[in-house]
Structure formats: structure tokens, C-alpha cells
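1. Following is a predicted model, sequence given first.
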Amino acid sequence: MSVIGIDTSNYTTSIAFLDGSQAENCSKLLPVREGELGLRQSDAVFSHIKSLPELSGRLFSRMPHGAISAVGVSTRPRAVEGSYMPCFMVGYSHGKLLSDALNVPLVTVSHQQGHVAAALWGARRMDLMDQPHLAWHLSGGTTELLLVEPEGKNVRCIKIGGTSDISAGQLIDRTGQLLALPFPSGKHLDALSAQAVKKDVFPVKCQNMSFSLSGIQNKVQQFHAKENSPAETAAYALRCVCTAVLRATEQAQKEYPGLPVVFSGGVASNSMLRSSMAGFAPVFAPAEYSTDNAMGVAVLTMRLTEG
């Protein structure tokens, strides 16, 4: 059985192939002007329209010959009523055309479900697809702590905590802008933070597995003005994020004892976060399956269409 997965998020165009023995994900970051923090939806849509044919051509040229059994695509950010973002319609239109041309089923899932599936697939913990677990979705636009439950061959993601305002990714990218780093800034802050020696941190207040990060931006700016050190500022911002995630995870494990904790989304590739969560026996995927990708969509497509 061979399937295609497509994901057109607000930052990345991606298309993946998966069969019983081979898998490949092709991705491309959307272009963002220097000094800016993201794209308008109209610009994101245009970039996806340009990038998806290039990526699909590259993927199809390397795919083994054989029939495609199904096409999957993410059509919205979350699997909840009212969740919508125009850029996902680019993936849907291409996926629908492909499924019609090949006369195969079209499977639709959410971007968030794809993230969880990609993390589990990348970490080789597909067993958790069929049992309840906790999952963090940490990305440029989302910082949510989820209770994930099996829903047939798919997963149901129930938000139980996370940020009440800006996401961890937004704080990281705004810190990157402060330090004149490229966008997205996650990997650049990660590299800079490795040079830091101080341990300063602002104790983010966390109640009922929820916290606010909007005030941390001011703390980061004040810290940078005082220290004038890009490395120390990068580490300070990341340490604040890690502290908030750590406290929310501690509270979640008291509320839901015994459930494994999975980390998905681009921020989940950060090395400081990975080391700070070590006490929870966390499930982390390789970086390429933490950032936006279509592999999770392909995984869900195969699960939902296999006999």
C-alpha cells in the first residue's frame, strides 16, 4: 500500500510518500522578508501555489513505481469547529485533484493531528496511537498541551493546557528579531544558547496547566538591554519557555498519572527543551518530524484506509 500526504501550513509546504518499506518527506519553508515575523495569508497561499508543484515533481521522480492507494491532506489547523486557515485550501485543492485523477480515496485530517502522528512515527512509538497519552504541540502559532485519545484509527486531540496568549514559537521569533536573526529563529536561538553560561530565568506562573508568555517578551527585552549578550538573551528566552512547559507538564502528570508525554511541533526540536524534559521519559521525534511536515498526514492516511 502506498499513500501521499500533503500539508500546507502557514510556514511550510510539504508533501510525503509512505509505503510499507519506504518513506520520504519533501518540504520547503515559505519565504519571509528580512526583519518580518511571518506572512499574510494571501502571501502564504501564493507561495504554496508556487512551491507545491515543484516539491511534488521532486517527490514523484524519486518514488518507486506502483499504484497510489490514497491521498491525504490537512485541511485545517485543528479538528474543532470553526478552525480554518486559507493556506490549507491549497493543499486540499491539489490533494482533491490528485485523488480524482487517480480514482483513489481522499483522506482529510487536521494539521495538529498530523503533528502528533509524525512525532509518534518519527519516535517509533506508533503504539501510542492506540492509547491515551499527553502531547505538546509547540510551534510558531501554537502552544497547546493536549490529551490525545484514540478515535478509530485517528486521534482526538483535547486541549487541556498551554499558553493563554502568544505561543512559544512567537516568543522565540520575536527574540530572534530582537537579536537580528533570520526567521524562523528557533535553530539560531538554539545554537546561540549553547554559548551561554548564566542561568537567569523569569519564573512563569502556571495554574491548571496554563500560563502566559506575553509578559516574557518584555522581560527578554529588559534582560538583553542589561546584558547586551545575544547568547545569554537567547538562553534566557528559551529557559523561560522551558520552565513554563515543565511546570505545566508536572501539573498534567498529577492530573493524568501514568500517561506518556509526547512532544511535537517545531519548538520540540530545541535542545534545551529536550534536556529539561528528561525527567518525564519524554517521547521526542527527530527534528525533521517535529517541524511542519506531511509525513504525519501520510501516516494517518495509511491507517485510515488500510484494510
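-> Ah, there it is.
2. which SS class is the closest residue to residue 41 other than its chain neighbours?
-> Once flanking residues are discounted, residue 41 sits nearest to residue 86: 4.8 Å by CB to CB, 6 or more residues apart in numbering. From N, CA and C alone the C-beta is placed, and that goes for glycine too. Secondary structure state of residue 86, per DSSP: H, G, I helix; E, B strand; the rest coil, is coil.
3. hang on, isn't residue 86 packed against residue 43?
-> No - between residue 86 and residue 43 there is no contact under CB atoms under 8 Å: 10.8 Å.
4. before we move on, the earlier item: so what's the residue nearest to residue 41 scoring on pLDDT?
-> Listed pLDDT for residue 86 reads 97.
5. And for residue 307?
-> Looking at residue 307, the pLDDT reads 69.
6. Repeat that for residue 65.
-> pLDDT, residue 65: 76.
7. and it, what does it touch?
-> Counting by CB atoms under 8 Å, 6 or more residues apart in numbering, residue 65 touches no other residue.
8. ok, it to residue 19 distance?
-> Residue 65 is 11 Å from residue 19, where distance means CB to CB, to the nearest Å.
9. now swap in residue 31 and tell me
-> Plainly put, residue 31 is 32 Å away from residue 19 if you go by CB to CB.
10. out of these two, which sits in the more crowded spot?
-> More crowded of residue 31 and residue 19, by other CB atoms under 10 Å: residue 19, with 16 against 11.
11. didn't residue 241 look like it was pressed against residue 168?
-> Yes - applying CB under 8 Å, one finds residue 241 in contact with residue 168, separated by 4.7 Å.
12. Residues that sit against both of the two, list them.
-> Shared contacts of residue 241 and residue 168, counting by CB under 8 Å, 6+ apart, come down to 213, 267.
13. I'd like to check which residues are in contact with the residue nearest to residue 41.
-> Counting by CB under 8 Å, 6+ apart, residue 86 has contacts 41, 42, 44, 45.
14. Show me which of those are buried.
-> Neighbour-count burial (16 or more other CB atoms under 10 Å) applied to the contacts of residue 86 gives 44, 45.
15. For the residue nearest in space to the middle of the chain, which non-adjacent residue is spatially closest?
-> Centroid-nearest residue in the chain: residue 265, 2.2 Å away (criterion: CA atoms, centre = their mean). Among residues not flanking residue 265 along the chain, residue 139 sits closest, at 3.7 Å (CB to CB, 6+ apart).
16. Then residue 85?
-> Counting by CB to CB, 6+ apart, the residue nearest residue 85 is residue 77, at 5.5 Å.
17. and the one you found, how far is that from residue 30?
-> Relative to residue 30, and taking CB to CB, residue 77 is found at 16 Å.
18. returning to what we had before: mind pulling the model confidence for the residue nearest to the centre of the chain?
-> 96.
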